[in-house]
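**Student:** following is a predicted model, sequence given first.
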Amino acid sequence: MVDEEYVESVLDVVETIPPGSVMTYGDVAEAVGRVLRRGGPRQVGTVLRETGGAVPWWRVVNAQGSPPAHHLSRALGLLREEGCPLTPDGSKVHLRSARVPVDVPGV
DNA sequence: AAGGTGACTCAGG
DNA sequence: GCCTGAGCCACCT
């Protein structure tokens, strides 16, 4: 139950990310942890790995601004299509402008 | 119970 | 900017 709630919250937050913007795992973890006092960046990653097919997981990047190494090319392609600000080399996301404020569904 | 693993993060060199 | 080491949380063997 609880883990379902956690997963639900994570997916909800990820779905909340507007096109052309991204959120870091830490931010998502904070957004979720704001209500459910647990979980961390790693748990967010695990959840997305399991259920990522149902949400725009490519809008979730790590603190370095790089999408998961497992789908780097795919994520970058999708982000580029969405008009997400990438670095000049196009290998990472320009967090400075792409990162969006934490948005929690329950608040 | 103990140790290893991973879609992570931060600090230091 | 890049690589290392330590910290972190939940899960699996």
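**Tutor:** That came through fine.
**Student:** which bits of chain A sit near DNA strand C?
**Tutor:** Applying Cβ under 7 Å from any atom of the strand, one finds that chain A approaches DNA strand C through A:D3, A:R38, A:G39, A:G40, A:P41, A:R42, A:Q43, A:T46. Glycine gets a C-beta too; all of them are placed from N, C-alpha and C.
**Student:** out of everything not next to it in sequence, what's closest to the second one?
**Tutor:** Think A:R38. The shortest distance from A:R38 to any non-neighbouring residue, by Cβ to Cβ, 6 or more residues apart in numbering, is to A:Y6 (7.5 Å).
**Student:** so who does the one you found touch?
**Tutor:** Listed by Cβ atoms under 8 Å, 6 or more residues apart in numbering, the contact set of A:Y6 reads A:V32, A:L36, A:R38, A:G39, A:Q43, A:V47.
**Student:** so which one among the residues you listed has the lowest pLDDT?
**Tutor:** pLDDT is lowest at A:L36 among those; the value there is 77.
**Student:** roughly how far does the closest residue to that residue other than its chain neighbours sit from DNA strand B?
**Tutor:** Spatial nearest neighbour of A:L36, chain neighbours left out: A:Y6 (5.6 Å); criterion: Cβ to Cβ, 6+ apart. Counting by Cβ to the nearest atom of the strand, to the nearest Å, the gap from A:Y6 to DNA strand B is 13 Å.
**Student:** state the pair within the residues of chain A next to DNA strand C that is farthest apart.
**Tutor:** Using Cβ to Cβ, the two most remote members of those are A:D3 and A:P41, lying 16.8 Å apart.
**Student:** which of these two has more residues huddled nearby?
**Tutor:** A:P41 (16 against 12; other Cβ atoms under 10 Å).
**Student:** for that one, give me its contacts.
**Tutor:** Contacts of A:P41 (Cβ under 8 Å, 6+ apart): A:T24, A:Y25, A:G26, A:V28, A:A29, A:N62.
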